[in-house]
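Q: all I have is the shape, not the residue letters:
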């Protein structure tokens, strides 16, 4: 009897694990691209069916912020939606081990700025089986602006609990403004950063979760995903 119970428990656990892991994002759930305002970016997010059954994925854009002069389009097999878009879409059927994709096309149309798009993706059979994926596009006055900012400073620790530290790798930080957003695009805090070697952002009042830290300076805008834990 104990063996039967054990086998049933094991079987139930395996089924639960399979349901909980019906699809994964590859290579990860976040993509960041730095381009010139005159260039166009195409960023792909692939999703793999990890079950032995055919599934379909639903997706809906929960955050879509970018300059009004920009053109952005999100494509998922088999449809494309111009952003901003408020509805939901569904992928074609995905066989066991097969993949589908979401492609974000971004055209800054010559206007410097930053794009943030967060997409909620779910298994249409079991909507509780879901994830949020993030697209970030930085279009600086030069192609190297965001990358240059990142190469001159470190953001730590990741994950953070009490504070996020900005540290100049040499010299001083570039004077700018740091803003923390949640994945729905809501602004949670703003802090001015001076020409100092290091600065800290107090996040003790921020709930644990995944957030976006956007640092805007004269040479460009840098957006990074940060995690807050307790």
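A: Okay, I see it. Bear in mind the structure is a predicted one, so any value in this text is a computation, not a measurement.
Q: can you pull the pLDDT of the residue nearest to residue 194 when sequence neighbours are not counted?
A: Closest residue to residue 194 apart from its sequence neighbours, by C-beta to C-beta, 6 or more residues apart in numbering: residue 175 at 5.8 Å. Every C-beta, even on glycine, is put in place using the N, C-alpha and C of the backbone. Note on residue 175: pLDDT of 91.
Q: now swap in residue 211 and tell me
A: The model reports residue 211 with a pLDDT of 88.
Q: that one and residue 181 touch, don't they?
A: Yes - counting by C-beta atoms under 8 Å, residue 211 does reach residue 181; the two are 6.4 Å apart.
Q: more neighbours, the two?
A: Taking neighbours as other C-beta atoms under 10 Å, residue 211 and residue 181 compare with residue 211 leading, 22 against 19.
Q: show me what contacts the more buried one?
A: 180-183, 188, 225-228 (C-beta atoms under 8 Å, 6 or more residues apart in numbering).
Q: so which residue is dead centre in this structure?
A: residue 134 (2.1 Å; C-alpha atoms, centre = their mean).
Q: tell me the contacts of the nearest residue to it once chain neighbours are set aside?
A: Using C-beta to C-beta, 6+ apart and skipping residues adjacent in sequence, the residue nearest residue 134 is residue 30, 4.5 Å away. With contact set as C-beta under 8 Å, 6+ apart, residue 30 has these partners: 133-136, 225.
Q: next step: the residues you listed restricted to strands.
A: Among those, the members falling in strands (DSSP state E) are 133-136, 225.
Q: where along the protein do the helices fall?
A: Under the criterion DSSP state H, helices of the chain are mapped to 2-20, 145-152.
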